[in-house]
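[1] sequence first, then the predicted structure, then my questions.
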Amino acid sequence: MNKLSVQKFLKRQETIISVFTLLVFFAFCMLSQNFGTDSNFQLILQQVAVNGICVVGVGVVVILGGIDLSAGAVLALSGVVGGMFIKQGMPVLVAILASIGIGMLCGAFNALLITQLSLPPIITTLATNYLFRGVAIIITGGSWVNNFPREFTKYGTGRIFGTSNVFWMFLIILAIVSYMMKYMNIGRKIYAVGTNNDAADKSGISCTKVKFFGYTLCGGIIGFAGIMYAAQIGAVASTSTGLTLGTQVLAAALAGGISIAGGRGTLFGASVGILMIGIIKNGLILTKVSEFWIDAITGAIILLALALNVLNSREKRREEA
Amino acid sequence: MSAEPILRTSKITKGFFGVQVLKGIDFEVCPGEIMGLVGENGAGKSTLMKIITGLYTNDGGEIIFKGAPVFFSDPGKARDIGISIIHQEFNLFSNLSVAENIFLDRKEFRNRLGQVNWKKMNEEARKVLSELGASFDVTMPVRMLSVREQQLVEIAKAVSTNAQVLIMDEPSAALPDNEVQNMFDVVRMLKQKGVAIIYISHRMGEIEQICDRVTVLRDGINVDVLDMKTRKIDDVIAQMVGREIKDYYPHTSREPGDEILKVEEMSGDGLKNISFTVNRKEVVGLYGLAGAGSTEVAEMIMGLRLMPSGTVLMNGEPVKKNAIEASMAAGIGYVPPDRRQEGIVVNMPIADNIIMANLPKYIKKGLLDFKKIAASTAEHIKELALKCNGADQTVLSLSGGNQQKVVLSKWLDRNPSMLILNEPTRGVDVGAKSEIYRLIDELANSGLAILLISSEVPEVLGISDRVLVMCRGRITGEYKNENLGQDVLLKAASGTTGGDGNE
Amino acid sequence: MSKVKNCISSYMKRDGNRNVVLLIAFMAVQILFFSQVTEYFLGISNFVNLMRQTAELGMVTIPLAMLILTGNIDLSVGAVMGVCAISLARMLRAGMNIGLSILITLCIGALMGCINGFFVAKLHLAGIVATIGTQVMLRGACFILTGGRPVSGLPKEFLDVAKWNLFGIPFTFILMIAAFVIAIFIMQRTSFGIKLHAIGYNAKASKFSGIQSDKLKFWLYVLSGTVAAIAATFMLTRFASAESAFGTGYDTDVLTSVLIGGMSIAGGSGNLLGALLGVLTIGTLRNGMNHLEISALYQQMVLGALIVISAAKWRKYKA
């Protein structure tokens, strides 16, 4: 029995992706002297923090059986709005709440289209991706929002125990939402709806309500990531911020073991996925591989992780039969 | 028996796509009573139960629970009030654990903040399952369970709600015989506690064994309520069918031709050493309860399912394994059991559905020959008396029987020498049913070999020339259909006769 | 003549034609609007321009529409175009024979299609997942191939292709329309169309009727890759240089055209005439908005709204 549970643990996608990430990490340590240093490690954590926060939100939506391609636009829009609040001299807390609020609105809008017009999530979020970014551009007139006061940027650039503030926030959000997904009734309902929409309806779980909750939560989390992005980078561009975020975060979630069909996988796995992508990007730059290789190699590794995911789940099925 | 019914329906009506499925049903069940609900497929049993549990809304009539009319906007409401159902198709979350599937979204297992008490949940789950005589890891995801265990989870789920009315829709379908008795013990235990149980089944043996009273539905109306203390199961069957069984199943005697299909030592995927033959001009019935493996046999013959070992021979020639095109080329046609998922493409017109399996025939110089398509679909529609507004009509709007005729046409269009029919009359109304039986008879007389897979004994006995019985992946009996009794088949199907079925 | 009429009427009876009618109306309104508010819109040179722009979009739309019809998707089209255009540009600059380099480019496109086909048809990865993966990877390859600098300095004979025309109508546009006519004809008059619809509506029932959907899907992806290579070739003759972002955003444009054309992303319903009209609508809309000096990002917003409206329409139509 014990052996079996060890086996089960080893076969989990989270384990596989973690081992894979560690291997990549050590490989880069060997390849570059600058990679294995403490300061570089801290840099990686800082770089993945914002995307990490986003992956928590998007992960919830994918577990719900949905998809969110509009994440990048929501990040930009909420970042822009929060940033403008700051520029108006509003207290930081108000700006943060405004960003979260905007994000939640965006998420709720997605949910509204998906549940009320019965549009497929992929179409909906593809369209709202344009829409939200358009709104961001209208608000800003297409220009950058930058030159924030120090009182604001210190939240993004500051460090606690040598590690970026934003990374700590990412860990806290990950912990809270993971706890919710595992131990709260609503979390279990999200898994249930993602696993089997019909069965949920028959059991008297309102899929509409659960979807609204999931998408709104996702929006809120990305909204928070948006303002943290502004604080960390010091600038938000309505046209270019988060352009590739949607696909990157989705890829990380899938590589980390969340099933595109919904109902399976954990946020922890997804977070390891985003960490893996961050490590690869950073490592490739440091090993002086031409920077042009970065995307290509990242894409190839993501595909590899996805293929592993599929092959792994296929073996499980055979075991059952 | 207490006289006051806990649940009563009055004049319930319901229609789909303009077809009236329920035509005013009166039904009642008392506390501490096991009420059987029987009827042919399509008689309206499942629809009635879905209305009682709030999954469908009725067009007319009312539901009276404990003397007061009730209305359920969603299934959760019915469950809260004390009406639970075990659906025929599993209603489980494959990714969630056993315990969660039993107790999902239940107030007892979460505090005011909505935190789930996993420890309590797992303990309770273990307790409920052990009451049912089962013991497996409740933290396991349900997708890892066997079909039988999943069924137990379903039962546990319903039992655990302290239901006052429990509806069991074909609860024994997936259970082996020894498990059925265990389930009966549970059902009787619930009865002792005063729960009203509605027991829906096709298996007359079970109905006879466990039910106090039986309500018979036919064509959307309730024909009769029989008290099983004084009436016999034959009365129930007579009421269900509504006419003499003899003319319902046309069966002309014929002399079978030479051997056409030979299956040798087919094994794997739960099957163990399946060998049999089918001759031209012969209807071979393959009888087995759900889970006996007859669908697996059909899909392996057809090349739709990986066949780990064994050979399929057509006319003495081995057929290439795991390739449906090879089986089709060898002259086999397959009418699958799940019509909507496997048989037809509901959004496409009748014509496209009919020619789907035989596209090359309609291609002239690389192009589709629409004249030929129109001519041949018109011919099929006429031949099978398919009721439709024309070949352009989408299959979606046809009745179950006519949809099945489309599937049959699709295969007949290939002029097959052998047809495998898997539950060809499932979800088909009585009229169309006897038409299909007549068609099968005619086809066999014209020289076709037919393998009829069915889990309905009267059907198998009614139209087969020879009967094979399967149980747990083996063939447990082979009989010539001469004065063959139902009991013989039932015994063989539950693995109680010798045959080669001994483990 | 009556034969033609029959063909048309049978075509109009098929699903997805409601969008065709709506799109024609929308086109009319749109053209009227743009011709009123901008002065250059109705000019001949603008129309030639418009045709050039929509030609490549239209070509790529054909295989993608077929893929969507089967319930699959290809989000890597733009990246495949990028890789093809850049490789072609490099080969040409290295002085390789034009015909040979184009041939090799087509092979590259087909190979990319094979990769997608392998993931989807063999490994049974969800189409969206696999092609997002290849998209990231191939876009990376674009950066590698260009080294960050645009590849230009292409031979004149090659660039002259862009000027080919027939009575002033650009050759590529004629080719695109011809391809659409042939594709519609194939979908309509051969068994291919029935197979695609059947797979999209009900993959299992198709399999149970002996239709080999995996094989078909694989070759559709190969076709998609090859056509992307062809489109990239023509686009390169227009642009005269290939940069690493070549073809970016093309996948969403194509997807939008198909969806606006009334095709369901769930597969099965819709038709190619709708897709063609979708392409023309988007082309005209973009062109008109350019004249109104509306920035590309606002244009995206309008397209997004259009997608939602047309997709919502489809849902109601089905119910």
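    Structure's in. What do you need? Predicted, not measured: the structure shown is a model, and the values here were computed from it.
[2] alpha carbons only for contacts and neighbour counts from here, please
    OK.
[3] which SS class is the spatially most central residue of chain B?
    Geometric centre of chain B, nearest residue: B:Arg426, 6.4 Å, by C-alpha atoms, centre = their mean. What DSSP: H, G, I helix; E, B strand; the rest coil gives for B:Arg426 is coil.
[4] state the distance from it to chain A.
    For B:Arg426, the distance to chain A (C-alpha to the nearest C-alpha, to the nearest Å) stands at 22 Å.
[5] so how far is B:Val138 from that residue?
    Distance, B:Arg426 to B:Val138, using C-alpha to C-alpha, to the nearest Å: 35 Å.
[6] and for B:Leu304?
    Distance from B:Leu304 to B:Val138, by C-alpha to C-alpha: 34 Å.
[7] helix/strand/coil for A:Thr15?
    Assignment for A:Thr15 (three-state DSSP): helix.
[8] report pLDDT for it.
    Looking at A:Thr15, its pLDDT reads 82.
[9] do the same with B:Leu217
    Looking at B:Leu217, its pLDDT is 85.
[10] on the three-state scheme, it is what?
    strand.
[11] residues in a beta bridge with it, which ones?
    B:Asn222 (DSSP bridges).
[12] wait, it sits on B:Gly39?
    Yes - shown here, B:Leu217 and B:Gly39 form a contact pair, counting by C-alpha atoms under 8 Å, at 4.9 Å.
[13] now do the shared contacts for those two.
    Contact criterion C-alpha atoms under 8 Å, 6 or more residues apart in numbering or on different chains; residues shared by B:Leu217 and B:Gly39: B:45, B:240.
[14] wait, doesn't B:Tyr334 sit right on B:Leu421?
    Yes - judged on C-alpha under 8 Å, B:Tyr334 makes contact with B:Leu421 at a distance of 6.0 Å.
[15] which residue is the nearest non-sequential neighbour of the residue nearest to the spatial centre of chain C?
    Central residue of chain C (C-alpha atoms, centre = their mean): C:Thr61, 2.1 Å from the mean position. Leaving aside its sequence neighbours, C:Thr61 sits nearest to C:Val254 (C-alpha to C-alpha, 6 or more residues apart in numbering or on different chains; 5.6 Å).
[16] pull the number of nearby residues for that neighbour.
    Applying other C-alpha atoms under 10 Å in any protein chain shown, we find 27 residues neighbouring C:Val254.
[17] quick check, it in contact with C:Met59.
    No - C:Val254 is beyond contact range of C:Met59, at 9.6 Å (criterion: C-alpha under 8 Å).
[18] after the strand or helix carrying C:Leu92, which helix or strand is next?
    Element membership of C:Leu92, judged by DSSP states H and E, is helix C:77-93. The element immediately downstream of helix C:77-93 (helix or strand, assigned by DSSP H and E) is helix C:98-117.
[19] what does the stretch 51-200 of chain B put close to chain A?
    Proximity of the stretch 51-200 of chain B to chain A, by C-alpha under 8 Å from any C-alpha of the partner chain, involves residues B:55, B:74-77, B:91-96, B:104-105, B:110, B:114-118, B:144-145.
[20] narrow the residues you listed to those that are buried.
    Buried members of those, counted by 16 or more other C-alpha atoms under 10 Å in any protein chain shown: B:55, B:74-77, B:91-96, B:104-105, B:110, B:114-116, B:118, B:144-145.
[21] now the residue of the stretch 301-450 of chain B found nearest chain C. Nearest residue, chain neighbours left out?
    Nearest residue of the stretch 301-450 of chain B to chain C, counting by C-alpha to the nearest C-alpha: B:Glu342, 4.0 Å away. Once flanking residues are discounted, B:Glu342 sits nearest to C:Ala205: 4.0 Å by C-alpha to C-alpha, 6+ apart.
[22] pretty sure the one you found sits in a strand.
    No - counting by three-state DSSP, C:Ala205 is located in no strand; its state is helix.
[23] before we move on, back to that, state the distance from the residue of the stretch 301-450 of chain B closest to chain C to B:Glu435.
    To B:Glu435, B:Glu342 is 22 Å away according to C-alpha to C-alpha.
[24] isn't A:Glu14 right up against A:Gly269?
    Yes - using C-alpha under 8 Å, A:Glu14 is in contact with A:Gly269, at 4.7 Å.
[25] mutual contacts of those two, please.
    By C-alpha under 8 Å, 6+ apart, A:Glu14 and A:Gly269 have these common neighbours: A:256-257.
[26] might you report the residue contacts of the residue of the stretch 151-300 of chain B found nearest chain C?
    Nearest to chain C, among the residues of the stretch 151-300 of chain B, is B:Glu299, at 9.4 Å (C-alpha to the nearest C-alpha). Taking C-alpha under 8 Å, 6+ apart as the criterion, B:Glu299 is in contact with B:Arg305.
[27] ok, then the element right after whichever helix or strand it is part of?
    Using DSSP H and E, B:Glu299 sits within helix B:294-301. Counting by DSSP H and E, the element after helix B:294-301 in chain order, helix or strand, is strand B:309-314.
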